[in-house]
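Chemist: this is the structure alone, sequence omitted:
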Ligand code: GDD
Ligand code: MN
């Protein structure tokens, strides 16, 4: 399903890198560290995919000074063919750093990253390639969309990965697998981008700092390696959190890009919510004390008018899509917003009741939890349904 991020920086792409000779149409970057069991087979598999699909592609192995026979094996293959190259890195060891080095050395305008251990099926490469040629800036192999899956992962790794992915999705809510290691980008997206590669999740860095607008996700089934072992370490999690922080800092400093665009909406939605509370309280007071209505009657009117207040601000300010819209369409949006808000109210009350009455949490604390969960619900549903495409 094609998606697009609007409002992100669209001011011309960086030209760096375009000067490099483009001898090939596609570069498949394979980062390696101690992959002697897999490397010959994966190179052969990728070359086979090029051949069968008529793609003018090159394979670029970026090795971090492997201690096994990986380098020797790749050297032997590269010595016989122009379309296989090896870079051996001796400093600044790291998967992300290696991938970025591969970006810089590629001799084509389309860059594909794939693991050496067959966790990512090479036969899908043409789909990524076609997606980019079809106009997408980024193509992402997703384990977490319909059709995607993970095979043979122990429960512990699943949980860690889900946690990392959930965190990443707070930065890129439109993308189901922003930490995928299987992806493809147009070179212009990363050329000249101030990437600060660290840790394992180079795609996050590309999404956070690259110049892109459109993306496509391609579902795939992640198969755990049969040969060798995973190099994921505890430090990787810390690196990941630092990386997320860096992406947020970048977004705040530049005030453009997908992270900034999304979080502007979330913050505005929150401020509108606060304004709704003021409207609600003010009306409840005025209708009861000044107009002399029974307070529950005032409350119903106050709630409804605060929903109207929130709708207007969200339509004009948060999602900014109101100009030139047909009146009927706006009424439709309002009804949707109204329904979602009622749902939010029920969620708020439900959480309050469950936590306070059943779990024994202090009721003001329970209410705060209810408000936060209702807020998440309201934002997510309105973002994707009420203001779909906004
Ligand atoms: N150059 C280099 N340097 N390559 C490395 C390094 C390194 O420090 N560490 C790992 N690699 C290579 C491996 O040789 C393999 O080709 C690929 O990077 C993935 O490494 P694995 O150790 O097999 O990763 P994984 O299976 O735990 O992690 C996978 O899942 C992640 C998502 O959960 C990878 O696909 C990641 O890319 C992905 O982000
Ligand atoms: Mn692996």
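Modeler: Arrived safely. Note that the structure is a prediction, hence the values are computed from the model and not measured. Ligands and ions are numbered 1, 2, ... in the order given.
Chemist: correct me, but residue 259 touches residue 171?
Modeler: Yes. Using C-beta atoms under 8 Å, residue 259 is in contact with residue 171, at 5.2 Å. The way it works is simple: take the backbone N, C-alpha and C, and place the C-beta from them, glycine included.
Chemist: more crowded one of the two?
Modeler: Neighbours were tallied for residue 259 and for residue 171 using other C-beta atoms under 10 Å; the higher tally belongs to residue 259 (25 against 19).
Chemist: for that one, what are its contacts?
Modeler: The contact partners of residue 259, by C-beta atoms under 8 Å, 6 or more residues apart in numbering, come to 171, 172, 208, 247, 248, 250, 251.
Chemist: gap between the first one and residue 225?
Modeler: Distance from residue 171 to residue 225, counting by C-beta to C-beta, to the nearest Å: 28 Å.
Chemist: one more: the last one?
Modeler: Here the distance between residue 251 and residue 225 works out to 34 Å (C-beta to C-beta).
Chemist: from the contacts of residue 259, which two are the most distant?
Modeler: Across the contacts of residue 259, no pair lies farther apart than 172 and 250, at 13.4 Å, counting by C-beta to C-beta.
Chemist: hmm, back to that, distance to ligand 2 added to the contacts of residue 259, as TSV?
Modeler: TSV is the format used below for the contacts of residue 259 (distance: C-beta to the ion, whole Å):
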residue	distance to ligand 2
171	23
172	22
208	23
247	24
248	28
250	28
251	30
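Chemist: out of these, give me the one that has the most neighbours.
Modeler: Counting by other C-beta under 10 Å, top hit in those: residue 208 with 26 neighbours.
Chemist: spatially nearest residue to whichever residue of the stretch 101-250 of the chain sits closest to ligand 1 (excluding sequence neighbours)?
Modeler: As assessed by C-beta to the nearest ligand atom, ligand 1 sits closest to residue 181 within the stretch 101-250 of the chain, at 1.9 Å. Spatial nearest neighbour of residue 181, chain neighbours left out: residue 115 (5.8 Å); criterion: C-beta to C-beta, 6 or more residues apart in numbering.
Chemist: quick one, phi/psi of the one you found?
Modeler: phi -70, psi 160 (degrees, to the nearest 10).
Chemist: and residue 305, by the same measure?
Modeler: Main-chain torsions, residue 305, degrees, to the nearest 10: phi -70, psi -30.
Chemist: likewise for residue 149?
Modeler: Torsion angles, degrees, to the nearest 10, at residue 149: phi -170, psi 170.
Chemist: that one: how many residues sit nearby?
Modeler: Neighbour tally, residue 149, other C-beta under 10 Å: 14.
Chemist: same thing with residue 268?
Modeler: The burial count for residue 268: 16, using other C-beta under 10 Å.
Chemist: tell me the secondary structure for it?
Modeler: Put simply, residue 268 is helix when judged by DSSP: H, G, I helix; E, B strand; the rest coil.
Chemist: so who does residue 93 touch?
Modeler: 64, 65.
Chemist: show me where the stretch 201-350 of the chain has its strands.
Modeler: 214-219, 221-223 (DSSP state E, counting those that start in this stretch).
Chemist: thinking again about what came up before, quick one: the contacts of residue 259 as JSON lines, columns for distance to residue 362 and pLDDT too.
Modeler: Converted to JSON lines, these look like this (distance: C-beta to C-beta, whole Å; pLDDT from 0 to 100):
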{"residue": "171", "distance to residue 362": "32", "pLDDT": "90"}
{"residue": "172", "distance to residue 362": "35", "pLDDT": "91"}
{"residue": "208", "distance to residue 362": "39", "pLDDT": "94"}
{"residue": "247", "distance to residue 362": "36", "pLDDT": "93"}
{"residue": "248", "distance to residue 362": "32", "pLDDT": "92"}
{"residue": "250", "distance to residue 362": "39", "pLDDT": "93"}
{"residue": "251", "distance to residue 362": "36", "pLDDT": "93"}
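Chemist: and of these, the nearest to residue 369?
Modeler: residue 171 (23.3 Å).
Chemist: which residues touch the nearest residue to residue 221 once chain neighbours are set aside?
Modeler: Excluding the flanking residues, the one nearest residue 221 by C-beta to C-beta, 6+ apart is residue 149, at 4.6 Å. Applying C-beta under 8 Å, 6+ apart, we find residue 149 in contact with 143, 221, 222.
Chemist: list buried residues within these.
Modeler: Buried by 16 or more other C-beta atoms under 10 Å: 143, 222, out of the contacts of residue 149.
Chemist: make CSV out of the contacts of residue 149 and add distance to residue 337.
Modeler: What follows is those, written out as CSV (distance: C-beta to C-beta, whole Å):
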residue, distance to residue 337
143, 33
221, 38
222, 38
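Chemist: name the helices or strands packed onto the helix or strand encompassing residue 49?
Modeler: Using DSSP states H and E, residue 49 maps to helix 39-53. For helix 39-53, the packing partners by 3 or more C-beta pairs under 8 Å, 6 or more residues apart in numbering; DSSP states H and E come out as strand 26-32, strand 57-63, helix 70-78, helix 125-133.
Chemist: among the ones you listed, which is nearest ligand 2?
Modeler: In terms of C-beta to the ion, the element of the helices and strands packed on helix 39-53 nearest to ligand 2 is strand 26-32, at 10.7 Å.
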